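S.K.: starting from these lines, generate the structure:
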Amino acid sequence: PPGYPVNLPNICPNCETKNRIVDKNSFTSISRHYTGVQKINQIFADTTLSFLRKNVDGDPKLVLFSDSRQAAAKLSAGIELDHYRDLLRQGICNVVQQKDESIPFLKLLIEKNGNVNQLELEDRNSILTLRETNPIFRTRVDLITDPWTKVKSFEEYGFNNHTSLIEIDIPIKKSLLEIGTCPSGPKSKIIDSGEWMNIYDWNEFAPKDHLTNPQERINNRIDNELKKEQLVTLFAHAKRSIESLGLGYITTKNQHEDSLFQQFVDTAIRILGENWKISGYSNIYRSPGWPNHLRKYVRKVFSDQSGSDKLNELEEFMLDNNVIESSDNKVLVRDNLKIIPSSQLERFYLCHRCKTIHLNKSNNACSNCIGGLIEEPIVNLTQHFKENYYLHLSHNQEFSRLHCEELTGQTDKEESRRRQRQFQGIFLEGENKLVEKIDILSVTTTMEAGVDIGSLSAVMMGNIPPKRFNYQQRVGRAGRRGHSL
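M.R.: Residues are numbered from 1 along each chain as shown. Sure, this is the predicted structure:
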């Protein structure tokens, strides 16, 4: 249209993402392909720090060089956010795995009428270990072994084989606090004031008993952000979602009586999630209705005549079970969703066209490209993920923090001194070392010389230095004071 300041449309015809256009520099939904510098740097930084922590004595530090303040700030924020979401995925997988491992012990305790003394020594020790590390398991064991109540069946206790998303809140929050990471992620509006650190007991890694009203509001904001980020992480992207990685799939707590329609419900949940139509997430969609991709899927699976009826039935079922927010705003609400881990399944389904993994049969239609699905036994699943980076992170990576801060010529003088000091591991009375310790500094050319940032284990360059001199200065910052690398 006349006066439109950019050359490309601001609405994506596929996912319906809509961007606000202000001037010629505004970002459009359809744009040139970029190399993903931020993600590449995050992967390198994660891998380098993980290697150094395992192989270098002390507390390894890393400096990441860029050529501009804007690039340094973007890398600093992006690296920490990406690492936080990788941590969430790993933490969720840990909770689901622990639940999976605990179920046989709960059933064994019920079989022995709650009498721990009737258990084999090995089983008793395993239960004691799980009880120490898993608060939900501890509560359930105490319920079964209570001498004043009659032992019930597994189902009568309300136990089940799957993990509801509500169950993962407390363990995930505690795991993040134990490594000094804010449960809401690196959200500047919550973190910058530092007040969030005062609401927790750092010995118990839980909120304090008596919070002021402002602290209670911060705690609620952190909880809401954590819930939203859990869904963002579980669905992430068509190739990085929990189902695409073969870890499990998301379904409703209450199942539809028709198993074929339940497959449709589960696929609709996946499509909504992978399109980031999530309650609390920034609404950048042209329409609050069903995504166009879901409508394509319905036309593929059902006849044109019944497709509209099926969408109406889907809306009614999701509203009745509080899975979507409202008929006017079809975004996912998480509290009535649960995870079914792949370890409890007998088969999976592979799209013959785009190779997307499905753990739900999905009415034999791929949720990504609407192609047909090939059924395979679950034992073959690992063959499709031999070199998958994100699956490796979920199972093998150390659960550790990554705190990155920007340090450039535009950083306030007092703030710059504080960041340099905390990067070197020097803390004043009243500062929280667990939380405020800095692992990576994202810097510009001003840090090439003349600034003492202590002993460095390694240096990274986020781009090609402009001149040979810059390269020499940057590389020369590492390998000093006894560090041979």
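S.K.: okay, CA-based contacts and neighbour counts for the rest of this
M.R.: Fine.
S.K.: can you show me the strands along the stretch 151-300 of the chain?
M.R.: 163-164, 200-201, 206-207, 248-252 (DSSP state E, counting those that start in this stretch).
S.K.: counting contacts, what elements does the third one pack onto?
M.R.: Judged by 3 or more Cα pairs under 8 Å, 6 or more residues apart in numbering; DSSP states H and E, the packing partners of strand 206-207 are strand 200-201.
S.K.: now swap in the first one and tell me
M.R.: Using 3+ Cα pairs under 8 Å, 6+ apart as the contact definition, the elements that strand 163-164 packs against are strand 337-341.
S.K.: re earlier: right, and the strands of the stretch 151-300 of the chain - which one's nearest V323?
M.R.: Nearest of the strands of the stretch 151-300 of the chain to V323, taken as Cα to Cα: strand 248-252 at 7.6 Å.
S.K.: okay, now the sheet partners of the closest one, with direction.
M.R.: strand 337-341 (antiparallel) (DSSP bridges).
S.K.: where in this structure is pLDDT low?
M.R.: 1, 14-15, 33-35, 188, 283-286, 304-305, 448-455, 478-485 (pLDDT under 70).
S.K.: that one: helices as residue ranges?
M.R.: 37-55, 69-111, 121-133, 135-145, 169-178, 188-191, 213-235, 259-274, 292-301, 304-320, 389-395, 413-423, 433-436, 468-475 (DSSP state H).
S.K.: among these, which is nearest L332?
M.R.: Closest among those, using Cα to Cα: helix 259-274, at 7.0 Å.
S.K.: contact partners of that closest one?
M.R.: 231-232, 235-238, 241, 250-252, 255-256, 278, 291, 293-294, 314, 331-332, 360-363, 367-368 (Cα atoms under 8 Å, 6 or more residues apart in numbering).
S.K.: what are the buried residues along it?
M.R.: 261-274 (16 or more other Cα atoms under 10 Å).
S.K.: going by distance to V443, which of those wins?
M.R.: Looking across those and measuring by Cα to Cα, the closest to V443 is E274, at 33.9 Å.
S.K.: I'd like to know how far that closest one sits from S367.
M.R.: 10 Å (Cα to Cα, to the nearest Å).
S.K.: ditto for G307
M.R.: 16 Å.
S.K.: how about H358: what's its closest non-neighbour residue?
M.R.: Take H358 and drop its neighbours on the chain: the residue closest to it by Cα to Cα, 6 or more residues apart in numbering is Y349, 4.9 Å away.
S.K.: what bridges to that neighbour?
M.R.: Beta-bridge partners, per DSSP bridges, of Y349: H358, E375.
S.K.: how about it, what does it touch?
M.R.: I357, H358, L359, N360, K361, L373, I374, E375, E376.
S.K.: buried subset of the residues you listed, written for ChimeraX?
M.R.: Of the contacts of Y349, the buried ones can be selected in ChimeraX as follows, counting by 16+ other Cα under 10 Å:
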select :357,358,359,360,361,373,374
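S.K.: got CSV for the contacts of Y349, with distance to G180 too?
M.R.: Listed next are the contacts of Y349 as CSV, based on distance: Cα to Cα, whole Å:
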residue, distance to G180
I357, 34
H358, 35
L359, 34
N360, 36
K361, 40
L373, 43
I374, 44
E375, 43
E376, 42
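S.K.: residues near the spatially closest residue to K296 that is not a sequence neighbour, how many?
M.R.: Once flanking residues are discounted, K296 sits nearest to I370: 7.8 Å by Cα to Cα, 6+ apart. The number of residues packed near I370 is 21, by other Cα atoms under 10 Å.
S.K.: ok, now which ones touch I370?
M.R.: K296, Y297, K300.
S.K.: re earlier: between G307 and S367, which has more neighbouring residues?
M.R.: S367 (26 against 18).
S.K.: any idea how far that one lies from R299?
M.R.: For S367 relative to R299 (Cα to Cα), the value is 12 Å.
S.K.: what count of nearby residues applies to E406?
M.R.: 24.
S.K.: bridged to it, which residues?
M.R.: According to DSSP bridges, beta-bridge pairing links E406 with S442.
S.K.: against P341, how distant is it?
M.R.: Applying Cα to Cα to E406 and P341 gives a distance of 39 Å.
S.K.: could you do K361 as well?
M.R.: In terms of Cα to Cα, K361 sits 14 Å off from P341.
S.K.: what of T181?
M.R.: From T181 to P341 the distance is 26 Å (Cα to Cα).
S.K.: and for P377?
M.R.: 15 Å.
S.K.: gap between stretch 384-404 and the chain center?
M.R.: 12 Å (Cα atoms, centre = their mean, to the nearest Å).
S.K.: in PyMOL, select just the buried ones from the contacts of helix 259-274.
M.R.: To isolate the buried members of the contacts of helix 259-274 in PyMOL, using 16+ other Cα under 10 Å:
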select buried, resi 231+232+235+236+237+238+241+250+251+252+278+291+293+294+314+331+332+360+361+362+363+367+368
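S.K.: that older thread, what's the most buried one of the strands of the stretch 151-300 of the chain?
M.R.: Of all these, strand 248-252 carries the top mean neighbour count, a mean of 24, counting by mean count of other Cα atoms under 10 Å.
S.K.: what angle do that one and helix 213-235 make?
M.R.: 120 degrees (axes from the mean of the first three to the mean of the last three Cα atoms, to 10 degrees).
S.K.: how big is the angle separating strand 248-252 from helix 304-320?
M.R.: 80 degrees.
S.K.: re earlier: nearest to N161, out of the helices of the chain?
M.R.: helix 69-111 (6.9 Å).
S.K.: let me see the contact set for the residue lying closest to S400 once chain neighbours are set aside.
M.R.: With sequence-adjacent residues excluded and distances taken as Cα to Cα, 6+ apart, S400 is closest to I179, at 6.3 Å. Each residue near I179 by Cα under 8 Å, 6+ apart is listed here: S400, R401, L434, V435.
S.K.: G158 now?
M.R.: So G158 contacts nothing (Cα under 8 Å, 6+ apart).
S.K.: how about Q70?
M.R.: Counted by Cα under 8 Å, 6+ apart, Q70 has zero contacts.
S.K.: for stretch 52-64, list the C-alpha coordinates in CSV.
M.R.: The C-alpha trace of stretch 52-64 is given here as CSV (Å, rounded to 0.1, in the frame of the first residue of the first chain):
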residue,chain,number,x,y,z
LEU,A,52,36.0,-26.5,30.8
ARG,A,53,34.0,-27.3,33.9
LYS,A,54,34.8,-31.0,33.5
ASN,A,55,38.5,-30.6,32.5
VAL,A,56,39.8,-27.3,34.1
ASP,A,57,40.3,-26.7,37.8
GLY,A,58,38.5,-23.8,39.4
ASP,A,59,35.7,-21.7,38.0
PRO,A,60,36.1,-21.3,34.3
LYS,A,61,35.2,-18.0,32.7
LEU,A,62,34.5,-17.0,29.1
VAL,A,63,34.6,-13.7,27.2
LEU,A,64,32.6,-13.3,24.0
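S.K.: going forward, count from 9.
M.R.: Sounds good: first residue 9 from here, last item stretch 60-72.
S.K.: buried residues, that stretch. List them.
M.R.: L60, R61, P68, K69, L70, V71, L72.
S.K.: which members of those are the farthest-apart pair?
M.R.: Maximum distance among the buried residues of stretch 60-72 (Cα to Cα): 17.2 Å, for R61 and L72.
S.K.: quick one: A81 from G433, how far?
M.R.: 22 Å.
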